[in-house]
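Undergrad: A structural model of the following input is requested.
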Amino acid sequence: MDGMMLELIQWMQSIMLPTHEMVSDVSGWLTVLERKVADMDCGWEKKVAAIQEVLKSVATSPELFSLTEQVGLIEEHLCQVCQVLKLTDDDDHEQ
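TA: This next block holds a predicted model:
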């Protein structure tokens, strides 16, 4: 009986040891991954802050007003083009 018990314990240990090592390895990999993600987050935060600074300077730039006017004129022109195209398209269907 003691021999069987000893065999059972050894068998369980032979199964548990690789499993324990695998779990330990995975835990180490997760720690490294967490560090990498934290570093990436820090990097992205710096990039976002830099972009926000650039956007602030653009938003206060005198060029912004000019660009906004140009966008308005382009929108008006596109609206007129669309109206002409609709008229042309409608004329084609009426014939």
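
Undergrad: make it CA atoms for all contacts and neighbour counts henceforth
TA: OK.

Undergrad: other SSEs contacting the helix or strand hosting Gly72?
TA: Assigned by DSSP states H and E, Gly72 belongs to helix 63-94. Applying 3 or more Cα pairs under 8 Å, 6 or more residues apart in numbering; DSSP states H and E, we find helix 63-94 packed against no helix or strand.

Undergrad: and the average pLDDT for it is what?
TA: Helix 63-94 shows a mean pLDDT of 77.

Undergrad: chain center to it, what's the gap?
TA: 35 Å (Cα atoms, centre = their mean, to the nearest Å).

Undergrad: and if you look at stretch 40-54?
TA: 14 Å.

Undergrad: kindly report the same for stretch 5-24.
TA: On Cα atoms, centre = their mean, the centre of stretch 5-24 falls 42 Å from the chain's centre.

Undergrad: roughly how far does Met12 sit from Glu21?
TA: Met12 sits 14 Å away from Glu21, going by Cα to Cα, to the nearest Å.

Undergrad: quick check: mean pLDDT across stretch 32-41?
TA: Rounded mean pLDDT across stretch 32-41 is 86.

Undergrad: CA atoms only: put that stretch into CSV for me.
TA: Output of stretch 32-41 as CSV, limited to C-alpha atoms (Å, rounded to 0.1, in the frame of the first residue of the first chain):
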residue,chain,number,x,y,z
VAL,A,32,6.8,41.5,-19.3
LEU,A,33,3.8,42.2,-21.5
GLU,A,34,2.3,44.4,-18.8
ARG,A,35,5.5,46.5,-18.7
LYS,A,36,5.5,46.8,-22.5
VAL,A,37,1.9,47.9,-22.6
ALA,A,38,2.6,50.5,-19.8
ASP,A,39,5.6,51.8,-21.8
MET,A,40,3.4,52.0,-24.9
ASP,A,41,0.7,53.9,-23.0
